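J.: I would like the atomic coordinates for the input below:
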Amino acid sequence: MISKAYFATLSVLIFHQIDAAYWKEWEMFNLPGGIQGFLVFNIIAVSVLLNGFMHVISNTARAKMYSYLCAGLGIITFLIHCGFVITGYDQFSLPLSMVIIGLCFIFGLWLVFEARRFTANERLSNN
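T.: So this is what the prediction gives:
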């Protein structure tokens with residue numbers, strides 16, 4: 001079950017980053033480098049998370065650590081965007097943008113739950 005939760009969380013995080021490019025999220029964070037910096041960040045982040053998914057589906061000892069990383073990013077994405085709403089930003093106000101951000105939180109929590117249940121015995125039988 002952990003592989004399904006990881007895949008769901010990773011998917012909505014990627015969908016969010018596609019949406020974030022539309023909304024020019026780097027401007028909201030005042031990040032240097034504009035779209036180029038944003039792309040560098042995403043090349044690194046997506047590569048790390050995809051590598052983590054490989055560990056999850058291969059049942060390695062690092063699967064749990066990567067699961068917590070991916071889950072944390074999903075939950076943090078939601079919390080950061082709640083902060084943006086509170087401070088008056090109107091980006092990500094389209095219905096599907098909001099659904100994706102909400103799913104980052106929901107799937108992130110699901111992945112935390114699955115990672116907590118993940119033990120050596122489950123590694124052999126759960127995926």
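
J.: If you tally nearby residues, what's the number for the residue lying closest to residue 112 once chain neighbours are set aside?
T.: Leaving aside its sequence neighbours, residue 112 sits nearest to residue 71 (CB to CB, 6 or more residues apart in numbering; 4.5 Å). The way it works is simple: take the backbone N, C-alpha and C, and place the C-beta from them, glycine included. Other residues within reach of residue 71, judged by other CB atoms under 10 Å, total 24.

J.: show me what contacts residue 71?
T.: Residue 71 makes contacts with 5, 9, 108-109, 111-112, 115, as judged by CB atoms under 8 Å, 6 or more residues apart in numbering.

J.: Backbone torsions only: list them for it.
T.: phi -60, psi -40 (degrees, to the nearest 10).

J.: that older thread, will you turn the contacts of residue 71 into CSV that also has secondary structure, neighbour count and pLDDT?
T.: Below are the contacts of residue 71 laid out as CSV (DSSP: H, G, I helix; E, B strand; the rest coil; neighbours: other CB atoms under 10 Å; pLDDT from 0 to 100):
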residue, secondary structure, neighbour count, pLDDT
5, helix, 24, 98
9, helix, 31, 98
108, helix, 26, 98
109, helix, 16, 98
111, helix, 30, 98
112, helix, 19, 97
115, helix, 21, 95
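
J.: tell me which of those is nearest to residue 98?
T.: residue 108 (15.7 Å; CB to CB).

J.: mind checking the end-to-end distance for stretch 50-66?
T.: Taking CA to CA, to the nearest Å, stretch 50-66 runs 10 Å from one end to the other.

J.: and it, how far from the chain's centre?
T.: Put simply, stretch 50-66 sits 15 Å off its chain's centre (CA atoms, centre = their mean, to the nearest Å).

J.: List the buried residues in it.
T.: For stretch 50-66, the neighbour count (16 or more other CB atoms under 10 Å) marks 52-53, 55-56, 59, 63-64, 66 as buried.

J.: swap in stretch 97-105?
T.: Counting neighbours by 16+ other CB under 10 Å, stretch 97-105 gives 97, 100-101, 103-105 as buried.

J.: Which of those residues lies at the shortest distance from residue 21?
T.: Once CB to CB is applied, the member of the buried residues of stretch 97-105 that ends up nearest residue 21 is residue 97, at 11.9 Å.
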